[in-house]
Structures are given as C-alpha cells and as structure tokens.
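J.: Provided below for reference: sequence and predicted model.
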Amino acid sequence: MSDNRENNQGFWSRVFHLYYDGFRSMTVGKTLWLIIGIKLFIFFVIIKMIFFPNFLSSKCDTDQEKSEYVRHQLIDR
C-alpha cells in the first residue's frame, strides 16, 4: 500500500516539475499567459457585472421576499 502512495507522489512530483520547469524557461509564453488571464478576468468579472445584474436584489430586500417573488413568477405565469 505504501508503494502505491510513493508512486503517486512520484507521479505528481514529476508532473509539477515538468510544468514548473516549462514555465520557468518560457519567454513569450509568460506574456501570452498574462493576456489569457486578463481576458478570463474580463469575461468572468466585468461581463458578469454588465450583463447579469443582481435582479432580485433590486426587486426585494429579504430572502423571504425573494423566494415569494420567484415562487409567484414560476407558478402564476
């Protein structure tokens, strides 16, 4: 059983060092990863705030009112 754990740790260690050494030796790739990170931030944070505002908070104050509003919209439509 301990041999299996040692093999798994060896595998994960090799995977980590493979990526660590690869990223360390990058020159252009670091800039590309920075651009990818900025784009993901824009997609998931900025776009969410613009296109998906918190609609229920503008209509209701408490959780009870929110649940009643949703129930009313689902059932009485």
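T.: Everything's here; your move.
J.: all contacts plus neighbour counts: C-alpha atoms, from now on.
T.: OK.
J.: now this structure, which segments are flagged as low pLDDT?
T.: Counting by pLDDT under 70, the ranges of the chain that qualify are 1-8.
J.: any idea how far the residue minimising distance to the centre of it is from I38?
T.: Centroid check for the chain by CA atoms, centre = their mean gives F44 as the closest residue, at 7.9 Å. Taking CA to CA, to the nearest Å as the measure, F44 falls 10 Å from I38.
J.: what of F11?
T.: 31 Å.
J.: the helices in the protein, which residues?
T.: Remark: helices assigned in the chain by DSSP state H are 2-24, 28-41, 47-51, 55-59, 63-75.
J.: give the burial count for F23, as a bare number.
T.: 13 (other CA atoms under 10 Å).
J.: now do it against G29, distance only.
T.: Distance from F23 to G29, by CA to CA: 8 Å.
J.: with R71 instead?
T.: 50 Å.
J.: do the same with W12
T.: Taking CA to CA, one finds W12 at 23 Å from G29.
J.: same question for E68.
T.: Look at E68 and G29: by CA to CA, they are 51 Å apart.
J.: for F52, same thing?
T.: 33 Å.
J.: do the same with L74
T.: 49 Å.
J.: how about V45?
T.: 24 Å.
J.: count of neighbours near F55?
T.: F55 has 8 nearby residues by other CA under 10 Å.
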